[in-house]
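> no sequence for this one, just the structure:
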């Protein structure tokens, strides 16, 4: 299969500190690829290398079938991006900032600036200096700039930062529309699970600088990841009973004495009986379906560092 964006063994080291190692991304044409990881996991580092802002220490990046080099100017013209927080000429208006970007990119299409401002609900602020914009308005202006030149590929690093829930919903709908109606390929990073789950086709999970998994959201839904969740008074003894008495390995002990059992060979009746005969008190028990959050935590071993919401 050919990919719009592909990385191979992508690694970045700065000052002897390894930020990411052996990152492999495979992004198909027209899809929304959700790049998921906690703050500090390496998402921005990877995106900076994709955008030619940082040179990889090792590995390669292929965009539109061509190997990325420092001279890949024409390839970069096909990409719109937000990396970290978008910056502008603060004394200039939002309209003039976008018009200048069009001139820089060599993109001339009548009404394109006005259309981009309208799509991001910024028409009323078009003639306002950017220094008077709120944080959320600047973020929306950054997205307007990214989509302005009808880019084939969007690289968006935490694009909903600073937005209220209504603004976040607006951006989700905009990205889904660009993908579905214009065939735009979108790579969007986030530490917010619900954001990625609500719009991505494929999810890439990065943790502590290493890729843990690439998987389609539909594949997660079809994996029949139902589990038994129970709360016990003595989780250590409960874990011993599950492993030693019932021979189970596919279970996870989480906070508050809660245990999730992913092995579908065992019934709730067998578990209750085993616990009762080994003096493990069960305070609650039920069957649940695994969410993207559950899947993420299982891959990464739970929260480390910044919160995943």
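Arrived safely, thanks for sending. Owing to the predicted nature of the structure, the values given are computational and were not obtained by experimental measurement.
> helices and strands around the strand ranked longest in the chain, which ones?
Secondary structure assigned by DSSP state E gives strand 5-14 as the longest strand of the chain. Where contact means 3 or more CB pairs under 8 Å, 6 or more residues apart in numbering; DSSP states H and E, strand 5-14 is packed against strand 17-23, strand 26-27, helix 43-50, strand 58-63. The way it works is simple: take the backbone N, C-alpha and C, and place the C-beta from them, glycine included.
> Need the contact partners of the second one.
Think strand 26-27. 1, 3-6, 33, 185, 187, 202, 214 (CB atoms under 8 Å, 6 or more residues apart in numbering).
> and with 6 Å instead?
Here strand 26-27 makes contact (CB atoms under 6 Å, 6 or more residues apart in numbering) with 3-6, 33, 187.
> and which of the residues you listed is nearest residue 268?
Nearest to residue 268 among the contacts of strand 26-27: residue 33, at 37.9 Å, using CB to CB.
> need the contact list for that closest one.
So residue 33 contacts 27, 187, 202 (CB under 6 Å, 6+ apart).
> any idea how far the nearest residue to the first one once chain neighbours are set aside lies from residue 257?
Distance criterion CB to CB, 6 or more residues apart in numbering; nearest residue to residue 27, sequence neighbours excluded, is residue 5 at 4.0 Å. Counting by CB to CB, to the nearest Å, the gap between residue 5 and residue 257 amounts to 44 Å.
> Counting neighbours, go ahead and name the busier of those two.
In this view residue 5 and residue 257 are compared by other CB atoms under 10 Å, and residue 5 has more residues nearby, 21 against 18.
> Beta-bridge partners for that one, please?
Counting by DSSP bridges, residue 5 forms beta bridges with residue 27, residue 63.
> so where's the stretch 151-300 of the chain uncertain?
221-225, 290 (pLDDT under 70).
> can you give me the helices for it?
Applying DSSP state H, counting those that start in this stretch to the stretch 151-300 of the chain gives helices spanning 165-182, 193-197, 217-222, 235-240, 268-277, 292-300.
> Out of the ones you listed, flag the one nearest residue 208.
So among the helices of the stretch 151-300 of the chain, helix 292-300 is nearest, using CB to CB, at 8.1 Å.
> And that closest one, what's buried?
Buried positions in helix 292-300, judged by neighbour count with 16 or more other CB atoms under 10 Å: 292, 294-298, 300.
> One more: stretch 111-130?
For stretch 111-130, by 16+ other CB under 10 Å, it's 112-113, 116-117, 119-120, 122, 125-126, 129-130.
> so of the residues you listed, which ones are in helices?
112-113, 116-117, 119 (DSSP state H).
> ok, of those, which one's closest to residue 12?
Using CB to CB, those come closest to residue 12 at residue 116, 32.0 Å.
> residues in contact with the closest one?
144, 148.
> Apply 10 Å and report the result again.
Under the criterion of CB atoms under 10 Å, 6 or more residues apart in numbering, the neighbours of residue 116 are 94-95, 98, 101-102, 122-123, 141, 143-150.
> So which of these wins on neighbours?
Ranked by neighbours (other CB under 10 Å), the contacts of residue 116 are led by residue 94, which has 28 neighbours.
> helices or strands next to the host helix or strand of residue 74 in the packing?
Element membership for residue 74 (DSSP states H and E) is helix 73-76. Secondary-structure packing of helix 73-76 (3 or more CB pairs under 10 Å, 6 or more residues apart in numbering; DSSP states H and E): strand 58-63, strand 66-67.
> quick one on the thing from earlier: just put the contacts of residue 33 in CSV and tack on distance to residue 176 and neighbour count.
Output for those, formatted as CSV (distance: CB to CB, whole Å; neighbours: other CB atoms under 10 Å):
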residue, distance to residue 176, neighbour count
27, 16, 25
187, 14, 27
202, 14, 20
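> which of these lies closest to residue 180?
residue 202 (15.1 Å).
> Verify the stated contact: the closest one with residue 30.
No: between residue 202 and residue 30 there is no contact under CB atoms under 10 Å: 11.2 Å.
> what residues are up against the residue nearest to residue 126 when sequence neighbours are not counted?
Excluding its sequence neighbours, the residue lying closest to residue 126 (CB to CB, 6+ apart) is residue 95, at 4.2 Å. Counting by CB under 10 Å, 6+ apart, residue 95 makes contact with 113-114, 116-117, 122-123, 125-128, 141.
> any idea how far residue 105 is from residue 150?
Residue 105 is 10 Å from residue 150, by CB to CB.
> Appreciated, that's everything.
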